[in-house]
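**Q** Turn this into a model:
(chains A, B, C, D, E, F, G and H)
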Protein chains: 8
Amino acid sequence: LEAQAQQDTPDEATPEIGIIMGSDSDLDVMAGSEAGRPGAYDVLTEELGFEEQTDYDDPPESRFTFETFVVSAHRTPGLMYTYAETAADRGLDVIIAGAGGKSADLPNMTASIAYPLPVIGVPVQEKSLPSVIGMPQGAPIVAVDAGKSFNAALSAVQILARQHEDLRDRLVSYHEGLQDGVGDVSRDLHELGTPEFKSQRD
Amino acid sequence: LEAQAQQDTPDEATPEIGIIMGSDSDLDVMAGSEAGRPGAYDVLTEELGFEEQTDYDDPPESRFTFETFVVSAHRTPGLMYTYAETAADRGLDVIIAGAGGKSADLPNMTASIAYPLPVIGVPVQEKSLPSVIGMPQGAPIVAVDAGKSFNAALSAVQILARQHEDLRDRLVSYHEGLQDGVGDVSRDLHELGTPEFKSQRD
Amino acid sequence: LEAQAQQDTPDEATPEIGIIMGSDSDLDVMAGSEAGRPGAYDVLTEELGFEEQTDYDDPPESRFTFETFVVSAHRTPGLMYTYAETAADRGLDVIIAGAGGKSADLPNMTASIAYPLPVIGVPVQEKSLPSVIGMPQGAPIVAVDAGKSFNAALSAVQILARQHEDLRDRLVSYHEGLQDGVGDVSRDLHELGTPEFKSQRD
Amino acid sequence: LEAQAQQDTPDEATPEIGIIMGSDSDLDVMAGSEAGRPGAYDVLTEELGFEEQTDYDDPPESRFTFETFVVSAHRTPGLMYTYAETAADRGLDVIIAGAGGKSADLPNMTASIAYPLPVIGVPVQEKSLPSVIGMPQGAPIVAVDAGKSFNAALSAVQILARQHEDLRDRLVSYHEGLQDGVGDVSRDLHELGTPEFKSQRD
Amino acid sequence: LEAQAQQDTPDEATPEIGIIMGSDSDLDVMAGSEAGRPGAYDVLTEELGFEEQTDYDDPPESRFTFETFVVSAHRTPGLMYTYAETAADRGLDVIIAGAGGKSADLPNMTASIAYPLPVIGVPVQEKSLPSVIGMPQGAPIVAVDAGKSFNAALSAVQILARQHEDLRDRLVSYHEGLQDGVGDVSRDLHELGTPEFKSQRD
Amino acid sequence: LEAQAQQDTPDEATPEIGIIMGSDSDLDVMAGSEAGRPGAYDVLTEELGFEEQTDYDDPPESRFTFETFVVSAHRTPGLMYTYAETAADRGLDVIIAGAGGKSADLPNMTASIAYPLPVIGVPVQEKSLPSVIGMPQGAPIVAVDAGKSFNAALSAVQILARQHEDLRDRLVSYHEGLQDGVGDVSRDLHELGTPEFKSQRD
Amino acid sequence: LEAQAQQDTPDEATPEIGIIMGSDSDLDVMAGSEAGRPGAYDVLTEELGFEEQTDYDDPPESRFTFETFVVSAHRTPGLMYTYAETAADRGLDVIIAGAGGKSADLPNMTASIAYPLPVIGVPVQEKSLPSVIGMPQGAPIVAVDAGKSFNAALSAVQILARQHEDLRDRLVSYHEGLQDGVGDVSRDLHELGTPEFKSQRD
Amino acid sequence: LEAQAQQDTPDEATPEIGIIMGSDSDLDVMAGSEAGRPGAYDVLTEELGFEEQTDYDDPPESRFTFETFVVSAHRTPGLMYTYAETAADRGLDVIIAGAGGKSADLPNMTASIAYPLPVIGVPVQEKSLPSVIGMPQGAPIVAVDAGKSFNAALSAVQILARQHEDLRDRLVSYHEGLQDGVGDVSRDLHELGTPEFKSQRD
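**A** Numbers count the residues shown, from 1 in each chain, chains lettered A, B, ... in the order given. Reported below is the predicted structural model:
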């Protein structure tokens, strides 16, 4: 598996964002799920025009792409090391790293090894938050709230948008839609009154 | 004061990073203090070659600068609104926003209003962390650990370094110094033995 | 939507109480639900003789009314600002503001902007309590326990009852019914004995 | 002591606000202290023009007054009962009740007995907060953050200000002073720069 | 209802243990439930030979009895006051008082008023524990773990057993049965082996 | 040491209360200290007329006595076992057992072994509370709040007072003194006013 | 039952690992369950070649074995004492001891009595962790995370593997299988892409 | 520094125990300090006859030795990797790894990489405990309580004592001294009485 990671290195049309997680049981949180709430995969593909890159020899058409891997800090430390160390050379600009449990070391170790590439940590569970965010002085990571890979993806694109005006516009456009939605709900609730609004909603 | 913020807007040689905090009692955490641990001011000026910009008509010579303001979400909501709304037009690229207490709303409200500008929240106290990081879906913020404005500054420069190779080199050079320091301590402790190392340290 | 809020301003027969919440997903807590426990809407309309005002040109007949809005601090900061700033001029006497999540900023920001109008904060979730109540010195808010919009409505009417003897009587009358209910249950449990009481209850 | 409380009842020039606390060791938090932070006594007398009433036969000249008592829920339950039950008849409009420890029952029991008089609970310690705020449905109390009798006094006056335009003006005037103070600090910090601001402050 | 409590006073064949709770929704915890775990009612009647007394004019035959009431500290403070104050005169020896929520004041207030009668507090929920146990110096209460009215009843009988050798024997006999049960399970698990033990259990 | 404990057994004039603690570093909490707050030793000897028994062949004159031992559950499990098993035979009526740390097993193990003798657990530190109170069903212990050996002693005497009218009177007399003290402070604070009261206190 | 434990003592072909738990309700955690996650029984028998020993006169063929008992610290303190004291003589090398609740004393007391035999504590519930791990200085225990008897078994075998090269090889072989599994999942997720991977998984 | 670690590899007279920590600021906890409590260094050298090995070419005379290093997971991930990977080959039998902060990753990562060598994690601060102990299934670590490197050293020697009867005797002898000490204190306290014991102690 390490060989595969290194073989990726000399690739041209590389993804901007790398999404990694400690276990495939984190996938519903990190990508989003139909039963639960939407996640990084959903907002990137549905709102911001990204595509997932699955084959380095055959990149997707979209200008902006991301890739997804399972990397376990405690069960596959060697794979984690290789992924983080080669990330910059493989063309990544931001890594979104999620892990669950109380010893959620993947985001932190990745941030330490991939430095100075920015890493956004996603605590997959509430109890993972202290472990993800508590880095010592000199070893930077930034984190989002537990379970919010959706916002991590927005933050990752905010970072990329420093260079790409195009992405900035998509972020603004997404936000305007969000605000219109809240405004519509507010007007409906007020004008219909609470009981009528409720019965229409259900 | 609002007038001053707006008058700033058409300025050319603008700071890259805006550092704001809820009260000047947060300054020891947000800038760093001699008695306590170093902060954002220290790492920016001493390790990464930034200068603080205090007069918009007379910017410092350094290519990279930052500015510092006190803005209170609960006591001066209007000032906060103005600062966040004009931030992008005033040329800022990243905002580092710190607040203390259990209702540490400044980073969050700033992130919501200044969006899509990236905002790095610094919980000034441990108890401020949940309030800073707990944003709802669609309203992104990234946060560092409580009290670690030092790391927030590193993260801010990691974001800027996407565009500025120069900053990337400074980050790497800072990190190498850090690693050499740990290595030296490790060798001393091992070779001197615990009692001798302790007596030399004290 | 801001226009609508301002157009409301010159209205005569205005509501005494404004109920706002961060999302319509908070409605079951803020208004009350059939499946869960009763809320502000229930106690105001069923126990204290208030009516919900949904059309400013066609106010309800009741002397005492309230209105309901969805206002998100993080997704619609502008709407929140406008609502809070115009609240006193629009004739409101008390605001009940509820929000969920760990960054429950809506009650606090509303209290800061609508000051000196009293604002009663309702943490929609247990984890929202620290964020709602933790205001700094000089920025007052009062809060009720997590999820208890029912009690927030009682407290709001306690405030209004300083001026309206009528409301004071309704509060007393509600309380007497409550005490009679507890007394009846106590007598039944004691006289029937535990097993018989249980079997009658189920 | 109960006799004294009842003898108070037929008094004319009565205080608007009653401040009670579980022990005189709570006085530094409830009134404010020179070593620690200011409290209810300080803001009422220095910012809002209240006077403390100590002799019912010889009320102070000020239109608005308050009184201060020590009442222990667990050590003097009878005294608490009497105080709360006679509060409305003695002319009080709002009670500010503070208690420390994990079983901070004084505010809650006072709110239950003095109902429908509004009671503002002040948790004297952080650990008192759950006990103060956790009232069951139908038994309202409002609370401020732990230790913030200062804000409780502001909130009490916000309630009184519904009837007294005069008090509303004093609240606004206090707030403007507060905002000017933050504004001055912000300008100084920005224009002087961090190091110069710090050296002037110390 | 107060009248009823006082009329009880001159009764002869009085119960030894008084069980009170803040709401009849606490009954499953305080008495025990078939779906959940057993409680005070179960252990008193099934293991220790007590009977519940429901009519003061017609006491049960058993030498040892208990009574059950719902008494709400926050909704019926007067009833609580009367119950606690008359408890000793009504012949009670120990009170078991349970309450839920974060302001679980019933056990504490009862202990303060009924003093020096011993009161055993039962936090009905985990979050009620701090409020129940946190009494100030000089105001004693003893508490059991959250939800464990079963153990509270054992403790109450341990207190009574100081005077009644008979009860001491019943406690010992209950305990021997308990130990035999654990011993049997241990032997079965060991001798059958884990898989066989599991399949027999299910 | 075990020999010493058994030699104690056939003693006549035995102490009613046994006070044990996990380490002599717990003594300031369990007995009381001049620098900190008073404890079990203080209230027993100064308020309730007990004497400490130190020599089984030469008991003190007082009718009611107590003894004090250090017994460590984790470092001297054998001593603990012997102490608890012989406690009833040695004439003890109640045991007050205190322990610190997160694994505060002494009170629990003593309660399990000395059963059916009542044991009052004193968590010496706040973090010891869960371990002391969390006994499983069928293994009773009662606990007081962390650090409050003072209240544990009052509760122990409440248990003894079921049989000894004399002790009941002493408890009541102690309480009356306590209430008078609170009443005096309340009157002073009210009549002197806050500033004058404070200056007299300091 | 104590007799049985002692009768075990002179046995020859003894188990290396003793697994004890406070109640048979802990068995799903301590052994593993089909509905929940696997546990000590599962990893020992399926991955590491151990067999469970249920009859001391007829030991299993495997070189490495373990035994399983229910031992309750609070309900059967005598049994616990006997088990721990005879453990070394009975030929055990490591004990894995699990307990639930907030007073999870079994692992700690066993570690204290069986010392210097190594004991690995398993907190059966999250809330049992502080009680299990919080031993005072001089009374060692090591603990694994709440509920993870699986890892406790691995750790026990790591200890045994100091002497048995054979066990070391089995541990390595188990780990390689684990790493291959993560690697396969990672490759599948990356090459299939998130939606395809999800649909194949479900 | 990595070179140095590898050069160590072919060494003969190797240490049994490796003590590593994240920073030299952890040294007071990990080794022990005169001002605070004793630690691993103290118990190994003073009670159990170990010596610290500081020069691989000139090992100490003692049969049992340990070594001490500073290794930071977040600041020197490469050094950590090398240390853990070469540990078994360098002849270590147990590693004691301590780290502070909320992201205390050093013990966990070391356990993952050095597997199947047993690693005992020491959370240097209370807040480090969840991160140290919370390993996922399949990645074993054992942990001691926060700050207790003293007990970690005892546990490490318990593991070594499986093979070395000599160490077993030293552990027993240390424990007997400990028990005698507690016994002496207990007798003194009991025979002198609380006040006399206290005055002799101070």
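**Q** Tell me the spacing between A:Ala114 and chain H.
**A** For A:Ala114, the distance to chain H equals 10 Å [C-beta to the nearest C-beta, to the nearest Å]. The way it works is simple: take the backbone N, C-alpha and C, and place the C-beta from them, glycine included.
**Q** Got phi/psi on that residue?
**A** Recorded main-chain torsions at A:Ala114 are phi -80, psi -10, according to degrees, to the nearest 10.
**Q** What separation do you get for it and A:Pro140?
**A** A:Ala114 sits at a distance of 11 Å from A:Pro140 (criterion: C-beta to C-beta, to the nearest Å).
**Q** Name the residue in the two with the higher neighbour count.
**A** Looking at A:Ala114 and A:Pro140 with other C-beta atoms under 10 Å in any protein chain shown, you find the greater number of neighbours at A:Pro140, namely 30 against 20.
**Q** wait, doesn't that one sit right on A:Ala111?
**A** Yes: shown here, A:Pro140 and A:Ala111 form a contact pair, counting by C-beta atoms under 8 Å, at 6.8 Å.
**Q** secondary structure element for A:Trp120?
**A** No Trp there; residue A:120 is Ile. strand A:119-123 (DSSP states H and E).
**Q** quick one: average confidence on that strand?
**A** Model confidence over strand A:119-123, given as mean pLDDT, is 98.
**Q** Sheet-wise, list the partners of it with their directions.
**A** Strand pairing for strand A:119-123, using DSSP bridges, gives strand A:94-99 (parallel), strand A:142-143 (parallel).
**Q** deepest of those, which one?
**A** Comparing those by mean neighbour count (mean count of other C-beta atoms under 10 Å in any protein chain shown), strand A:142-143 ranks first with a mean of 32.
**Q** Now do that one: distance to the chain's middle.
**A** Between the centre of strand A:142-143 and the centre of its host chain there is 11 Å, according to C-alpha atoms, centre = their mean, to the nearest Å.
**Q** which residues are contacting that strand?
**A** Strand A:142-143 has contacts (C-beta atoms under 8 Å, 6 or more residues apart in numbering or on different chains) with A:107, A:118-123, A:129, A:132-133, A:155, B:120, B:133, B:142-144, B:155.
**Q** The strand holding A:Ile120: what's the following helix or strand?
**A** Past strand A:119-123, heading to the C-terminal end, the next element that is a helix or strand (DSSP H and E) is helix A:129-133.
**Q** Convert that following helix to CSV, retaining C-alpha atoms only.
**A** What follows is helix A:129-133 as a C-alpha-only set of coordinates in CSV (Å, rounded to 0.1, in the frame of the first residue of the first chain):
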residue,chain,number,x,y,z
LEU,A,129,-12.6,17.0,20.0
PRO,A,130,-10.1,17.5,22.8
SER,A,131,-7.7,15.1,21.3
VAL,A,132,-7.9,16.7,17.8
ILE,A,133,-7.6,20.3,18.9
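**Q** longest single helix anywhere in chain A?
**A** helix A:165-192 (DSSP state H).
**Q** starting at the chain centroid, how far to that one?
**A** Distance, centroid of helix A:165-192 to centroid of chain: 22 Å (C-alpha atoms, centre = their mean).
**Q** Distance from the chain centre to the very next helix or strand once past that helix, please.
**A** Past helix A:165-192, heading to the C-terminal end, the next element that is a helix or strand (DSSP H and E) is helix A:194-201. Distance of helix A:194-201 from the chain centroid (C-alpha atoms, centre = their mean) equals 35 Å.
**Q** How about residues contacting helix A:194-201?
**A** For helix A:194-201, the external contacting residues (C-beta under 8 Å, 6+ apart) are A:Asp188, A:Leu189, A:Leu192, C:Asp24, C:Leu27, C:Ala31, C:Tyr41, C:Glu52, C:Thr68.
**Q** make it 7 Å
**A** Contact with helix A:194-201 is made by A:Asp188, A:Leu189, A:Leu192, C:Leu27, C:Ala31, C:Tyr41, C:Glu52, C:Thr68, as judged by C-beta atoms under 7 Å, 6 or more residues apart in numbering or on different chains.
**Q** How about stretch A:152-172?
**A** A:16-17, A:40, A:43-44, A:48-49, A:64, A:93-94, A:96, A:118, A:120, A:122, A:144, B:93, B:116, B:118, B:140, B:142, B:159, B:162-163.
**Q** which of the residues you listed are buried?
**A** When those are checked for burial by 16 or more other C-beta atoms under 10 Å in any protein chain shown, the buried set is A:16-17, A:40, A:43-44, A:48, A:64, A:93-94, A:96, A:118, A:120, A:122, A:144, B:93, B:116, B:118, B:140, B:142, B:159, B:162.
**Q** Tell me the residues of chain A that contact chain H?
**A** Contact residues, chain A versus chain H (C-beta under 7 Å from any C-beta of the partner chain): A:73-75, A:77, A:81, A:101-103, A:105, A:108-109, A:112-113, A:127, A:130-131, A:133-136, A:138-139.
**Q** circling back: which one, of the strands paired with strand A:119-123, ends up nearest to H:Glu176?
**A** When those are compared by C-beta to C-beta, strand A:94-99 sits nearest H:Glu176, at 45.7 Å.
**Q** Now that closest one: average pLDDT?
**A** Predicted confidence along strand A:94-99 averages 98 (mean pLDDT).
**Q** what sits up against that strand?
**A** A:16-22, A:26, A:29-30, A:40, A:73, A:87, A:105-107, A:110, A:114, A:117-122, A:124, A:128, A:149, A:152-153, A:156, A:159-160.
**Q** Could you pick out which of these are located in helices?
**A** Those of the contacts of strand A:94-99 mapping onto helices are A:29-30, A:40, A:105-107, A:110, A:114, A:149, A:152-153, A:156, A:159-160, per DSSP H.
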